[in-house]
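Chemist: dropping a prediction and its sequence here:
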Amino acid sequence: MSKIHPTAYVDPSAELEEGVIIGPQAYIGPKVFIGRGTHIKAHTYIEGYTKIGRYNQIGPLSVLGTPPQHLAYKGEETWVEIGDYNIIREFATIHRGTQQGGGVTSIGNHNLLMSYVHVAHDCKIGNYVIMSNNATLGGHVEVGDRVVMGGFSAVHQFCRIGSYAFVSGMTGVDKDVPPFVKVFGIPAKIQGLNLVGLRRAGFSKEEIRRISQALGIFTDGPATIREVVQELRDIFGDDPLILQLIKFLENPSKQGIMRRKPYEGEEAL
């Protein structure tokens, strides 16, 4: 059985699986689905259309499933979809998608969204992502697996952040961030390999060496992206790690791909 605090409101059309806990003064609107064992904490507000998976911890005072902040939105049925084992902290906001962006804002599994995080319409977040306090995603942003975003970082609409990347606090991302790198600045620039993140994720020394070599070809070479991709294929063949980088480079957003490191002596900000 679900446990619903007497001061909470749960719409009759909402669906709650076994073991859901709804805290004091929470609001669960129509067309909301909440999976087994999820805990909705006090004063959290969830509108439909929102699907939440199992064993999540949400709130207090977070707001999920409200309409997108998009002038073209006219009340269409669009969704927020959240996976399993996520922690979404106080005052976080997650907006529904738009028809223009596919209609769904999605968050995977095992993610930590800290206080005041904002996820705008049509964003796609992978698994094991950490977004620190006040980190913000503009609309249509894609975030790969095991990305870490520092506090007060912000990502421009339509940008992509590759898996295992690290976005430092107070950073403004206006282009695609390749996998495996760390970036900092306004606008953001590549500062090198996300060595700490790769080690924590269990990459071997040999794997890190290959990734570092491949990123050196990408960031430091004078060639075009197409020439870089061909060189990476020639050197690394079907290496699955380098293929992650290659596929990312082959599918840039309209914002373009971040590439150049700061010149020697150049300020990052």
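Modeler: Thanks, I have the structure now.
Chemist: so where is the chain shaky, pLDDT-wise?
Modeler: By pLDDT under 70, the weakly predicted segments of the chain are 261-269.
Chemist: quick one, helices of it?
Modeler: Remark: helices assigned in the chain by DSSP state H are 195-200, 205-220, 225-236, 240-250.
Chemist: adding mean neighbour count, write those helices out as JSON lines.
Modeler: In short, each C-beta sits where N, CA and C put it, glycine included. Formatted as JSON lines, the helices of the chain follow (neighbours: other Cβ atoms under 10 Å):
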{"stretch": "helix 195-200", "mean neighbour count": "15"}
{"stretch": "helix 205-220", "mean neighbour count": "16"}
{"stretch": "helix 225-236", "mean neighbour count": "15"}
{"stretch": "helix 240-250", "mean neighbour count": "17"}
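Chemist: which among these is found nearest to Val20?
Modeler: When the helices of the chain are ranked by proximity to Val20, the top entry is helix 195-200, at 32.3 Å, counting by Cβ to Cβ.
Chemist: which other helices and strands does the closest one contact?
Modeler: When contacts are defined as 3 or more Cβ pairs under 8 Å, 6 or more residues apart in numbering; DSSP states H and E, helix 195-200 packs onto helix 205-220.
Chemist: between the helix it packs on and helix 240-250, how big is the angle?
Modeler: For helix 205-220 against helix 240-250, the angle by axes from the mean of the first three to the mean of the last three Cα atoms, to 10 degrees is 20 degrees.
Chemist: residues in contact with helix 205-220: which ones?
Modeler: Here helix 205-220 makes contact (Cβ atoms under 8 Å, 6 or more residues apart in numbering) with 178, 180-181, 190, 193, 195, 198-199, 203, 228, 231-232, 235-236, 239, 241-242, 245, 249, 259-261.
Chemist: do that again at 7 Å, thanks
Modeler: Helix 205-220 is contacted by residues 178, 180-181, 190, 193, 195, 198, 228, 231-232, 236, 239, 241-242, 245, 259-261 when judged by Cβ atoms under 7 Å, 6 or more residues apart in numbering.
Chemist: gap between it and the chain center?
Modeler: Counting by Cα atoms, centre = their mean, to the nearest Å, helix 205-220 is centred 24 Å from the centre of its parent chain.
Chemist: can I get that helix in PDB, CA atoms only?
Modeler: The C-alpha trace of helix 205-220 is given here as PDB (Å, rounded to 0.1, in the frame of the first residue of the first chain):
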ATOM      1  CA  LYS A 205      45.600   3.300 -17.300                       C
ATOM      2  CA  GLU A 206      45.800   1.900 -20.800                       C
ATOM      3  CA  GLU A 207      42.200   3.000 -21.600                       C
ATOM      4  CA  ILE A 208      43.000   6.500 -20.200                       C
ATOM      5  CA  ARG A 209      46.200   6.600 -22.300                       C
ATOM      6  CA  ARG A 210      44.200   5.800 -25.500                       C
ATOM      7  CA  ILE A 211      41.500   8.400 -24.700                       C
ATOM      8  CA  SER A 212      44.200  11.000 -24.000                       C
ATOM      9  CA  GLN A 213      45.900  10.300 -27.300                       C
ATOM     10  CA  ALA A 214      42.600  10.500 -29.200                       C
ATOM     11  CA  LEU A 215      41.700  13.800 -27.600                       C
ATOM     12  CA  GLY A 216      45.100  15.200 -28.400                       C
ATOM     13  CA  ILE A 217      44.500  14.500 -32.100                       C
ATOM     14  CA  PHE A 218      41.100  16.200 -31.800                       C
ATOM     15  CA  THR A 219      42.000  19.300 -29.800                       C
ATOM     16  CA  ASP A 220      45.400  20.100 -31.100                       C
END
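Chemist: quick one on the thing from earlier: which of the helices of the chain sits closest to Ile161?
Modeler: With respect to Ile161, and counting by Cβ to Cβ, the nearest of those is helix 240-250 at 9.9 Å.
Chemist: that closest one - contacts with which helices or strands?
Modeler: helix 205-220, helix 225-236 (3 or more Cβ pairs under 7 Å, 6 or more residues apart in numbering; DSSP states H and E).
Chemist: by how many degrees do the last one and helix 205-220 diverge?
Modeler: Using the same axes, to 10 degrees, one finds that helix 225-236 and helix 205-220 are set 150 degrees apart in direction.
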